[in-house]
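S.K.: What follows is a protein structure lacking sequence information:
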C-alpha cells in the first residue's frame, strides 16, 4: 500500500515537472499522475510528442543528439 502511494506521488511530481517544461498544463498532468500513478506515463509521453510535433509541424525532421 505504501509503495503504491509513493509511486503515485513520484508519478505526480514527474508529470508536473515535465509538463511544465514541455508547455503543457502542469496542474492537470500532476493531478492525473496523482490519481492514476505510473499508468498515465505512456499517455503523457504521447501528448508531449504530439505537442512538440504540432509546434514544429509534421513535415519537419527533429533529431536529438
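M.R.: Here it is on my side, so go on. Given the structure is predicted, the values throughout are model-derived calculations rather than measurements.
S.K.: tell me the contacts of the residue nearest to residue 38 when sequence neighbours are not counted?
M.R.: Once flanking residues are discounted, residue 38 sits nearest to residue 11: 5.0 Å by CB to CB, 6 or more residues apart in numbering. For the C-beta atoms, the positions are set from N, CA and C on the backbone; glycine is no exception. By CB atoms under 8 Å, 6 or more residues apart in numbering, residue 11 lies in contact with 33, 34, 36, 37, 38, 40, 41.
S.K.: need the longest helix for the protein.
M.R.: Across the chain, the longest stretch assigned as helix under DSSP state H is helix 2-22.
S.K.: residues of it that come out buried?
M.R.: Applying a neighbour-count criterion of 16 or more other CB atoms under 10 Å, the buried positions in helix 2-22 are 8, 11, 12, 14, 15, 16, 18, 19.
S.K.: pLDDT of it, averaged?
M.R.: On average, the pLDDT along helix 2-22 is 93.
S.K.: List buried residues within the contacts of residue 11.
M.R.: For these, a burial check counting by 16+ other CB under 10 Å picks out 33, 34, 36, 37, 40.
S.K.: So the first one: helix, strand or coil?
M.R.: Spelled out, that is residue 33. Secondary structure assignment for residue 33 (DSSP: H, G, I helix; E, B strand; the rest coil): helix.
S.K.: Determine which two of the buried ones among the contacts of residue 11 are furthest apart.
M.R.: Using CB to CB, the buried ones among the contacts of residue 11 span at most 9.2 Å, a distance reached by 34 and 40.
S.K.: Any idea how far stretch 29-48 is from the middle of the chain?
M.R.: Stretch 29-48 sits 5 Å away from the centroid of its parent chain (CA atoms, centre = their mean, to the nearest Å).
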